[in-house]
Structure formats: C-alpha cells, structure tokens
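A.B. asks: can you look at this prediction? I've put the sequence above it.
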Amino acid sequence: MFDLGIYVSGLGAALLMGFGAWLLSLPRRSVSHVDSFWSLFFLLMAGVYAVMAPTLAARAYLMLALVAVWAIRLSIHITWRNWGEGEDRRYQRIRRENEPGFAWKSLYLVFGVQAFLAWVISLPLLAAISGTAPLGALDFAGAALWLVGFAFQAVGDQQLARFKARPGSEGQVMDRGLWRYTRHPNYFGEACMWWGFFLIAASAGGWWAFVSPVVITFLLLRVSGVTLLERDIAERRPGYRDYVRRTNAFFPGPPRKVSR
C-alpha cells in the first residue's frame, strides 16, 4: 500500500536528521560523518512508517528487524573505520570545488542530497511495513537474499579491516577471502540486501518499489561506489591494475588467469 502522507513524513524525518548531521559538521569542519548517518536514515524512516501505519503485520516486524540489523552494524563499522581520520578524499574534492562557503553549501550538497536519496530508496520499507497480506514465498526469498547480501557486506568489511590493520599493508591490494572473487564484496552485498527488501515489498503488493534497488544498484556501480572508488586507486596501489584484470568488479566469480 502506498500512503503519500506517511511517505512524505519519512522525508521530513530524513531531512531533520540530515540537518542535525550538518550542524555537527560545522564545529568538526568535516562532512565525512554523513557516511555513518547513511544507513540510520533508513532506520529512522522505517520507524516513522511503522509508527504511522494503521496496523503492523508480521512482514512489518520482519522488515524492521532486517533494517535495524543492517543499519546499526553498518553505521558502527563506518564510524569505527573513520574514527580519528581526516575528511575523506571524496568530500575534500567536493569541498575544493565549492569553496568559498562550502560549510553552508554542504547542507544541501551533501546532507540534503543524501537525505533525499535515502527517502527515494526507502520505498520498499514503506510497502512492506504498510502491507497486511500474509507472509509468502517472496518474503522468504527476500529474507534469504538479504542474508546473502548481509554476509557479503559484513564479512567483506571485516576481512578488509583486518588486512588494513596488518603492518606493511599500506599500498598493497586486498585480494583474499571474498575480495578474491569480487573487487567490491561490500557493494555487491549492499545491492543484494536492497533487492531482498524489494522482494519482501513485492510480496505485500508493492511492485512499484522496484525503483529502489534499481537506483541503489546504479549508484553503487556508476556513481558513488565502484566507479568513484576506482578512479585513482591504481595510482595509490601499484598492484591494483593486475587485480582488476583477474577479478570481477561487482558480481562474484572465479579469478581469471592473467597472462604476463
């Protein structure tokens, strides 16, 4: 069920959180913490949708649980990873391109944009939480796909963090574990989770929520994910070009043999 009033309330909540995160950026002189807020936007909006829904069926509780587990883990991971680090290179570039006055412009260029994108992508949460149809096969398929995605993201993040903590890893390429089969297991996992959310929403009749996994997959592949991250990584990690030649960018697959 699509309820415009509930959906717009989700936007209001996301913008309010974005505004609070922007206020935090002013004394810090950094906007990198917006990454820690990204998944929390969805947790907040899921809560708003649940509070405003006339009734909550089993599917709503399933969706709330899945969103909470994903959002809290990812936010903690990113916060821990970035703790004590300077502003991320991506945001430094945006800052340079929008000075003077970036501190104020970042309200809409960074925090506003992310809040709005999260609102658009939250459509499956609205559909699943508002739906009252009994659980069915699509719900279980969606939960299974979400579990695969969560495993790829959580395990991939842990493997990369462990690799970076090793002495001498600076400038080296992580090509073990899940990273042997895909250059971005965390992004692949993220996409799987959102397609899983969509299947759960579709089981409630929310086929119109297909825009969400399409948008998030496009962003991960072409905008803020693979393309942006790999723009200059080969310059910082000499072995990365060979890694690209033998390893799939997104979908996992066996490593290819590279002729010398």
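C.D. replies: Thanks, I have it.

A.B. asks: ok, Leu138 touching Gly205?
C.D. replies: No. Shown here, Leu138 and Gly205 do not form a contact pair, counting by Cβ atoms under 8 Å, at 10.4 Å. No exception for glycine: its C-beta is placed from N, CA and C like everyone else's.

A.B. asks: now do the same contact list for Gly10.
C.D. replies: When contacts are counted by Cβ atoms under 8 Å, 6 or more residues apart in numbering, Gly10 touches 45, 48-49, 119, 122, 126.

A.B. asks: what would those residues look like in JSON lines with distance to Leu219?
C.D. replies: Below are the contacts of Gly10 laid out as JSON lines (distance: Cβ to Cβ, whole Å):
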{"residue": "Met45", "distance to Leu219": "17"}
{"residue": "Val48", "distance to Leu219": "23"}
{"residue": "Tyr49", "distance to Leu219": "22"}
{"residue": "Trp119", "distance to Leu219": "14"}
{"residue": "Ser122", "distance to Leu219": "14"}
{"residue": "Leu126", "distance to Leu219": "19"}
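
A.B. asks: name the member of those residues with the most neighbours.
C.D. replies: Compared across the contacts of Gly10, Leu126 has the highest neighbour count, 30 neighbours, by other Cβ atoms under 10 Å.

A.B. asks: any idea which helix or strand carries that one?
C.D. replies: Applying DSSP states H and E as the criterion places Leu126 in helix 123-130.

A.B. asks: contacts for that helix?
C.D. replies: The set of residues that contact helix 123-130 without belonging to it, under Cβ under 8 Å, 6+ apart, is 1-3, 6-7, 10, 42, 45-46, 49-50, 53, 56, 59-60, 62-64, 67, 194, 197-198, 200-206, 208-209, 211-213.

A.B. asks: now swap in stretch 231-248 and tell me
C.D. replies: When contacts are taken as Cβ under 8 Å, 6+ apart, the neighbours of stretch 231-248 outside the stretch itself are 171-173, 175, 179-183, 230, 255-258.

A.B. asks: quick check: end-to-end length of it?
C.D. replies: One end of stretch 231-248 to the other measures 16 Å (Cα to Cα, to the nearest Å).

A.B. asks: going forward, begin numbering at 37 instead of 1
C.D. replies: Yes, from this point I'll number from 37; that puts the last item at stretch 267-284.

A.B. asks: list the buried residues of it.
C.D. replies: 276, 279-280, 283-284 (16 or more other Cβ atoms under 10 Å).

A.B. asks: equivalent analysis for stretch 236-256, please.
C.D. replies: Taking 16+ other Cβ under 10 Å as the basis for neighbour counts, the residues of stretch 236-256 that come out buried are 236-242, 245, 248-249, 251-253, 255-256.

A.B. asks: so which of those residues sit within helices?
C.D. replies: Restricting the buried residues of stretch 236-256 to those inside helices, with DSSP state H as the criterion, leaves 236-239, 248-249, 251-253.

A.B. asks: just to revisit the earlier point, could you dump the contacts of stretch 267-284 to TSV with pLDDT, neighbour count and secondary structure?
C.D. replies: Conversion of the contacts of stretch 267-284 to TSV gives the following (pLDDT from 0 to 100; neighbours: other Cβ atoms under 10 Å; DSSP: H, G, I helix; E, B strand; the rest coil):
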residue	pLDDT	neighbour count	secondary structure
Gly207	80	10	coil
Gln208	88	14	coil
Val209	89	20	coil
Asp211	91	17	coil
Trp215	96	19	helix
Arg216	96	17	helix
Tyr217	96	17	coil
Thr218	96	20	coil
Arg219	94	24	coil
Glu266	80	14	coil
Pro291	92	13	coil
Arg292	88	10	coil
Lys293	82	7	coil
Val294	69	12	coil
